[in-house]
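whatever this is, show me its structure:
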Amino acid sequence: MANENGMRNNKGRLNSAAFIRVLGAALLIVILVLAAAFVIGNKTTDDGKTNSEAVESGFDIGAASVKSVVPYSGGIAAIADSAVYYFDASGNQLSKNEHSFASPVAEASGRNLILYDLGGYKYRIEKRGGIYYETETASVITCAAIGKSGNYAYSLNSDGGYQSHLLVYSGRNKKVFEWGSSSDYISALTLSDNGKYCAAGVLTSENAKIVSVVKLFGFNTAEPLFSVDFAGSVVYDIAFASSKKLVVFCNDGVYSVGTDGSKELTVSYSSNEIKHFDNCPSGLKALTIAVFGNENNTRIVVLNRRGKQLFEKTFTEDVSDIICSKNRVSVVLRNRIESYDQKGNSVGLVYLKENASSAVLSRSRLYVLCANGLYSFSSNTHFSFAENETEKTDVASDVSEKYAQVGETGISESNELKSSESILPENTGEVG
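Now for the predicted structure:
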């Protein structure tokens, strides 16, 4: 969920009006599939360490085959058409696990990853880059989440006599909780870091209107600890601020939910203003807001783990995406990516010669998927790279000379040159 999305990146651009129109459709299972695909995103643990080692060519796969990239402990997992590839921070391929999912979606936390077929019947758990468990369900999977300890949860549609059926398993694959509803539809899930709670965003109907509700479950009782009504809002994502406190992302604002189920609006906007958001479960959260719908007047709001605002900035241009880690936030623009620390200080700037189709932060390292490859940089990098190797060499030479002249920047020439290497070869090919 939180971060749930085809590439978030499966995340893409928020379109609240279209989303709400979909909510009015008769087939609510379609809502769930679209909603889940809409906000699939980043769920990993980041320690904030900077790694500016070389990133070498990793595996023979065309960038077009990559469906999404998710942060993974010490690197990333690239979800391709027929396999999951793991890279370390230097771009070395650690493992490759083939799959046959039609619509593969991945959520990761630490060294744990759940891969599921959105709208299909299969899911599997991967740990430390290897396949731990794989199975097929009796009903359609609408969303899933995985926790730091390897525990996981998923929701099935029209299963076991329920319209929505929630199941939670321990890291040892033992069922620890289940809940079902005859009328609600689960659209978002997240697990607490301590492994004791699960929060769910559900869609229900009141007086012929669709209403979003957030429920918090403890695994030692059958009923929710609380249910919070978000009538008139659409819940996109949920994060744990602490074991029982939540941060809820909606189409009209960000809310803090207390242990007693009380809610407080912390960031306000209209449904036509919110364009992008990202949620690092144990780190920063950020949103891009087109003020009055004007994409050339974009407000960036950055929150800490507990949902408290840290800083905001304004851009007089369209923002393509925003991504977060534990203590970094990067703003993806048309021709560049700007990175900031949690105080709002600029720490990195990468110029692009081709549009980024997706970008993620893993620890303090930035991974950018472009049409010609997947690239990796330290988020502390000030660098520019071009489309072909000749241009890269020329640009690298210019940057090398620049930093040789201003050594006080503290940026190593060799580190900057190394950081521009492509993980994925530029020539599109078949999965190797």
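
the residue nearest to residue 351 when sequence neighbours are not counted and residue 163, how far apart?
In space, and not counting its chain neighbours, residue 351 is closest to residue 384: 3.8 Å by CB to CB, 6 or more residues apart in numbering. Where you see a C-beta, it was placed from the backbone N, CA and C, and this is true even at glycine. Residue 384 is 52 Å from residue 163, where distance means CB to CB, to the nearest Å.

sorry, back to before: the residue nearest to residue 351 - how many residues pack around it?
21 (other CB atoms under 10 Å).

could you do residue 99 as well?
Neighbours of residue 99 using other CB under 10 Å come to 20.

swap in residue 316?
With other CB under 10 Å as criterion, residue 316 counts 8.

list the residues that contact the closest residue in space to it that isn't next to it in sequence.
The shortest distance from residue 316 to any non-neighbouring residue, by CB to CB, 6+ apart, is to residue 296 (5.8 Å). Shown in contact with residue 296 (CB atoms under 8 Å, 6 or more residues apart in numbering): 316, 317, 318.

which one of the residues you listed sits closest to residue 107?
residue 318 (28.3 Å; CB to CB).

ok, how many other residues are close to that closest one?
Residue 318 has 15 nearby residues by other CB under 10 Å.

tell me the confidence at the residue lying closest to it once chain neighbours are set aside?
Nearest non-adjacent residue to residue 318, counting by CB to CB, 6+ apart: residue 295, 4.4 Å away. For residue 295, the pLDDT comes out at 92.

next, count neighbours for residue 295.
Using other CB under 10 Å, the number of residues around residue 295 comes to 15.

could I get the full set of helices for the stretch 1-150 of the chain?
16-23, 28-38 (DSSP state H, counting those that start in this stretch).

could I get the average pLDDT for the shortest one?
Which is helix 16-23. The pLDDT scores in helix 16-23 average 38.

residue 298 and residue 332, how far apart?
12 Å.

common neighbours of these two, please.
residue 319.

isn't residue 74 right next to residue 129, touching?
No - counting by CB atoms under 8 Å, residue 74 stays clear of residue 129, with 10.0 Å between them.

picking up where we left off before, so what pLDDT did the residue nearest to residue 351 get?
On the pLDDT scale, residue 384 gets 75.

check the one 3 residues further on too.
We have a pLDDT of 40 for residue 387.

now the strands for the stretch 1-150 of the chain?
Remark: strands assigned in the stretch 1-150 of the chain by DSSP state E, counting those that start in this stretch are 66-72, 75-80, 83-88, 93-98, 104-109, 112-117, 122-127, 130-136, 140-146.

mean confidence for the third one?
Just to be clear, that refers to strand 83-88. So the average pLDDT for strand 83-88 ends up being 91.
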